[in-house]
Every structure is written in C-alpha cells, then in structure tokens.
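Asks: Just to be clear, the model below is a prediction. Sequence and coordinates:
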Amino acid sequence: MKQISILGCGWLGLPLAKSLLEKGFSINGSTTSVEKIAVLEKAGILPFQINLFEGRIEGNLDLFLSNSNVLIIDIPPKLRGNSNENFVQKINNLISFIEKSSVEKVIFVSSTSVYSDTSSEASEALNVTEETKPNPDTESGKQLLEVEHLLQSNSNFQTTIVRFGGLIGEDRHPIKFLAGRKNIENPEGPINLIHQVDCIGIIETIIGLGQTQSDNWNWNKVFNAVAPFHPTRKEYYIQKAIELNLPLPEFDESKISIGKTILSDKVKNVLNYEFKKKTL
C-alpha cells in the first residue's frame, strides 16, 4: 500500500484524502484544529495536528512525513484582514523536514493569481498558458510564486505545481456571495473556475502517472488547472442566480474590465486528463 501525506485536510484536502483512500492509498492528514482530529480519524486518515508558523512548527512533522513517498501541500497564504503572514518563511521551515524524510515527490497547490490581469480594451485578449511569465499583482500571488520557485529549485525532491483557478463545489459557489450585490466590478472579465471533482481528478492523475512512468516525466512540471469554460462574469453569474432562484447581481459598467483567460491545454495534452465538469 502506497502512503501519501496531505498537509492541509480542508475543503479540498479532506475529500482528496477520502478519494485516495478508496483507491488503496494510506493517508497521513494534517489539520490545525484539534476538533477536526476526530473527523480525519473517522474517515480512515491517520490524523496529525500541525501548525506552521514563521518562527516555529507545532506538531510532529517527522512522523507525519515518515514512510510517505508523496507530499501534497494544500495550505493557502493567510493574507486577509489583519493577517499578513510570511507564507514563504512558513514553507521554508517545512522544507528542511521534507529534505530529511522519505518524501521524493511534492505536489504544491498554487493559484492562477500568480498571473496578472489585463484590460478588456487591450488589443488582444490575454490567453494565459504555463509559458506565460507570471507577474502577480497581489501579495498572495507574489508569495505563492516565490514558494513555487523555492520548492522546484530544491534538488532533494521533485515538485509539480498545480495552479488552480477559483474553486467551486456542491457546497461552495461565488454566486452565493454575489447574489443581490450592486456595483460588482469586471462585468466583461472571463471566469476561470474549476470544480472540486476536477481538482481531485487532476491531482490523482499526477500521482498515478508518476508511479507508472519510469522517467517521471510529469514531475517538476507546472500545470494550469481551470475548466475550459470562460463566459464573462456578468453573463455567468446572472445565469447562475436565475438557476438557483437568487437575487440578481448588478455590475458596474462604468469602469474598464480586467481579466485573463487561463488555458489548461497542458492538463489535457500532457496528463491526458478529461475535465468532468466542462461547464459549471
């Protein structure tokens, strides 16, 4: 039985862990909450309470990583509100533990926020591939990009980066937040979303291919992961509100929209992955 460690069993990490368990993997899973230990245990995951800080790590990281060949890092930077952490330093603290562990392969869950937006009045729509030079315009995007470089430049293990678009699922959709709101920006900006089902499918494909290919050709790679479905924000969110019988959102048409269209051709062509949720 193969063992995988998942750092961050949250909205994506927990269902991913459950799916991997069903496929015969043994899972070490981490949470920052003592209350969630029982949830992981009940699911069949070996639970660990681990907290990464800039100056220290709380929890038994050595045991968490022990005997795992693959580590999935799924913890976002906490940069909202009053929190302004140094996410890069937190991951840097983690790396020394990975180096001395049995982990040979790392999957880092990143974000398409590492790419900057462009004006809708630009001469060409900005189609973003993995070859597009990242130029993040948010602090979160800047720190994610730095962590990507930090992990991929380490020769002690191989790291594949998955840059997900906006995450949606049965219990999570931005229209629930936008319904009835007024003066929403970027009406003509394209959406770049991905369903939880495809997030799990893409990560599992990377893991599965990595264990059957002798040359490890899908490791040390970067993949954009966004559903191939890019209507404008206005068009999409109004339609979703109608479908769910929610108050219609109203958009601010007075300002120039900004945005980008994230292309996930590499996921389809290199991983041979077919999106299960092509429309959202």
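Replies: Right, received. Where do you want to start? Numbers count the residues shown, from 1 in each chain.
Asks: can you give me the helices for the stretch 101-250 of the chain?
Replies: For the stretch 101-250 of the chain, helices defined by DSSP state H, counting those that start in this stretch occupy the ranges 139-152, 175-178, 196-210, 233-243.
Asks: ok, the residue most central in space within the chain - contacts?
Replies: The residue lying closest to the centre of the chain (Cα atoms, centre = their mean) is Val109, at 3.9 Å. Contact analysis of Val109 by Cβ atoms under 8 Å, 6 or more residues apart in numbering lists 8, 12, 72-74, 162, 164, 203. The C-beta positions use only the backbone N, C-alpha and C, and glycine is treated the same way.
Asks: Could you rerun that using 10 Å?
Replies: Taking Cβ atoms under 10 Å, 6 or more residues apart in numbering, we find Val109 in contact with 6-8, 12-13, 16, 72-76, 144, 161-164, 167, 199, 203, 225.
Asks: Compare the mean pLDDT across the helices of the stretch 101-250 of the chain and name the weakest.
Replies: Mean pLDDT values for these show the minimum at helix 196-210, a mean of 89.
Asks: Which pLDDT value goes with the residue nearest to the centre of the chain?
Replies: 98.
Asks: Next, format the helices of the stretch 101-250 of the chain as a markdown table and append mean neighbour count and distance to Lys255.
Replies: Conversion of those to a markdown table gives the following (neighbours: other Cβ atoms under 10 Å; distance: least, Cβ to Cβ, whole Å):
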| stretch | mean neighbour count | distance to Lys255 |
| --- | --- | --- |
| helix 139-152 | 19 | 21 |
| helix 175-178 | 15 | 17 |
| helix 196-210 | 20 | 32 |
| helix 233-243 | 17 | 13 |
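Asks: Gln143 reaches Val88, doesn't it?
Replies: Yes: Gln143 lies in contact with Val88 (Cβ atoms under 10 Å); the separation is 5.4 Å.
Asks: Common neighbours of these two, please.
Replies: Pro77.
Asks: name the helices or strands packed onto the helix or strand encompassing Ile4?
Replies: Per DSSP states H and E: Ile4 is located in strand 3-7. Packing partners of strand 3-7 (3 or more Cβ pairs under 10 Å, 6 or more residues apart in numbering; DSSP states H and E): helix 13-22, strand 26-31, strand 46-49, helix 61-65, strand 70-73, helix 87-99, strand 105-111, helix 196-210.
Asks: What distance do you get for Arg76 to Ile57?
Replies: Not quite, residue 76 is Pro, not Arg. 17 Å (Cβ to Cβ, to the nearest Å).
Asks: again with Leu178
Replies: Taking Cβ to Cβ, one finds Leu178 at 37 Å from Ile57.
Asks: likewise Lys255?
Replies: On the measure of Cβ to Cβ, Lys255 and Ile57 end up 44 Å apart.
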